[in-house]
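J.: predicted model and sequence below, questions to follow.
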Amino acid sequence: MWEEERNAHLCDPVEAQETAQQLIDLMAKYDMLLALPKDLPTLQSTSTGNWTRPDNVFCTAHTVDLISLCDTKPRRRPPCTDHIPILTKLELEVPRTSQTVTRNFRETDWKEFRAKLDLLLDDLPPPMPITSETQFQKAAEDLTNTIKRTIEDIVPLSKQCPQAKRWWTKELTQLIKEKNKLSYQSYKMRGLDDHPVHAEHRRIHNKVKEELTKAKKNHWTAFLEELTQDSIYTANKYITTPYGDGGRTSIPVLRGAGTQGTIEDAITNDEKS
C-alpha cells in the first residue's frame, strides 16, 4: 500500500505479513487514510543503502481535507540520522502570539556604526563646560538620541527564537545549506549507486557532524573560561544535571509510607500503580 514495488521482498516473510495486517485492520477500524503518497521512501539503510518506507503519515477520513501538503524533504535530512523529514501542512486556524523584535548587535558592522555615529555627533553643539542641570539634561538627551538614531540605522533587526542555539555560527549555516543541497541531489540519484554525488554527500555529512561537535565544545570551553562568581553555580548545575532533554522513559521510583508506617519504595510498575 505504501512501499515501492521493488521492495516487495520486505513483505515476503509470514511475520511481516501478519504485522502489516494488524496495521491495515486498525486503519480500517478507525477509518484512517494514508496521507503520504505511495512510493515515497522515508529511510535509507546505513548498511545496504536501500531506500525503504518505514515511516508513514495517517489521518482520519474527516481530516484529510485539512491537509494541503504531505511530502518528504530529502534536502532537509539532518546530519546524524538516516530518516528523511516529512513535511505536512495543515490548514488550521491557530492564534499566533506576537514576536518581540530586537536588535542583533552580533551582526553589526561596527566600523560602519562608528562612522555613522561620528557623522551624527558633528551635528551636535560643540563641547563646553556644563554649569547647570538644564545644560546637563540637554547634553545627555542629545547624546542618547544620537546613539538611538545610529542603532536604528545600522544595527539589523533580529527575531528572538526560543530554540536558538548560542553555539551556532555563520559557518555552520553555510555548511548546512551545502549539505541540504547535496542531500537532495543524492536522493534524486538514489537509483545510481556509483554516482559521485553519493560520496560527496557522505563527505559533507561527516564534516557537518565534526563541525557541530567542535562548535559545541568551543562554546562550552569559552563559557567555562569566562565564569564569574555568579555563573559558576550555573555551570555546576549544567554538569551535575543528567544528560538529555529532561524527559523520562518511565515513572521514577516513588517513595511513601507503607502499611506498617515505614517508608517504602515503589520500583516495579505494579507497585507504582
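T.: Now that the structure is in, tell me what you want to look at.

J.: contacts and neighbour counts: CA atoms only from here.
T.: Fine.

J.: so what's Leu224 scoring on pLDDT?
T.: On pLDDT, Leu224 comes in at 90.

J.: surely it and Ala235 touch.
T.: Yes - if you go by C-alpha atoms under 8 Å, Leu224 and Ala235 touch, sitting 7.5 Å apart.

J.: tell me, how many residues neighbour Leu43?
T.: 19 (other C-alpha atoms under 10 Å).

J.: ok, the one 5 residues further on next?
T.: By the criterion of other C-alpha under 10 Å, Thr48 has 7 neighbours.

J.: check the gap between the residue nearest the centre of the chain and Lys73 for me.
T.: Among the residues of the chain, the one closest to the centroid is Gln163, at 6.5 Å (C-alpha atoms, centre = their mean). Distance, Gln163 to Lys73, by C-alpha to C-alpha, to the nearest Å: 21 Å.

J.: what of Gln229?
T.: 47 Å.

J.: which of those two has more neighbours?
T.: Lys73 (16 against 6).

J.: the more buried one and His83 touch, don't they?
T.: No - using C-alpha under 8 Å, Lys73 makes no contact with His83, being 10.3 Å away.

J.: quick one, strands of the stretch 1-150 of the chain?
T.: For the stretch 1-150 of the chain, applying DSSP state E, counting those that start in this stretch gives strands covering 32-34, 43-44, 51-52, 58-60, 67-72, 86-90, 101-103.

J.: Gln17: which of those strands is closest?
T.: Checking the strands of the stretch 1-150 of the chain against Gln17 by C-alpha to C-alpha gives strand 51-52 as the closest, at 16.1 Å.

J.: list the neighbouring strands of the closest one plus their orientation.
T.: Here strand 51-52 is paired, per DSSP bridges, with strand 43-44 (antiparallel).

J.: pLDDT on the partner strand, on average?
T.: In this model, strand 43-44 carries a mean pLDDT of 90.

J.: and that strand, how far out from the chain middle?
T.: Relative to the centre of its chain, strand 43-44 is centred 20 Å away, using C-alpha atoms, centre = their mean, to the nearest Å.

J.: ramachandran coordinates for the nearest residue to Ile263 once chain neighbours are set aside?
T.: Leaving out its chain neighbours, the residue that sits closest to Ile263 by C-alpha to C-alpha, 6 or more residues apart in numbering is Ala257, at 4.6 Å. Note on Ala257: its backbone torsions stand at phi -80, psi 130 [degrees, to the nearest 10].

J.: tell me the pLDDT of Ala257.
T.: Listed pLDDT for Ala257 reads 81.

J.: contacts only, for the residue nearest to Leu26 when sequence neighbours are not counted.
T.: Leaving aside its chain neighbours, Leu26 sits nearest to Met32 (8.0 Å; criterion: C-alpha to C-alpha, 6+ apart). Contacts for Met32 (C-alpha atoms under 8 Å, 6 or more residues apart in numbering) come out as 26, 58-61.

J.: okay, who's weakest in those residues by pLDDT?
T.: Least confident of the contacts of Met32 in the model: Ala61, at 88.

J.: separation between that residue and Leu34?
T.: 9 Å.

J.: got it, and Gln44?
T.: Counting by C-alpha to C-alpha, the separation of Gln44 from Leu34 is 21 Å.

J.: pull stretch 93-104 out as PDB, backbone CA atoms only.
T.: C-alpha atoms of stretch 93-104 as PDB (Å, rounded to 0.1, in the frame of the first residue of the first chain):
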ATOM      1  CA  GLU A  93      -6.800  28.500  12.300                       C
ATOM      2  CA  VAL A  94      -4.200  28.800  15.100                       C
ATOM      3  CA  PRO A  95      -4.000  32.000  17.100                       C
ATOM      4  CA  ARG A  96      -0.500  33.500  16.900                       C
ATOM      5  CA  THR A  97       1.400  35.300  19.600                       C
ATOM      6  CA  SER A  98       3.200  38.500  18.700                       C
ATOM      7  CA  GLN A  99       7.000  38.200  18.300                       C
ATOM      8  CA  THR A 100       9.400  40.600  20.000                       C
ATOM      9  CA  VAL A 101      11.700  42.200  17.600                       C
ATOM     10  CA  THR A 102      15.100  43.200  18.900                       C
ATOM     11  CA  ARG A 103      18.400  44.500  17.500                       C
ATOM     12  CA  ASN A 104      21.100  42.000  16.600                       C
END
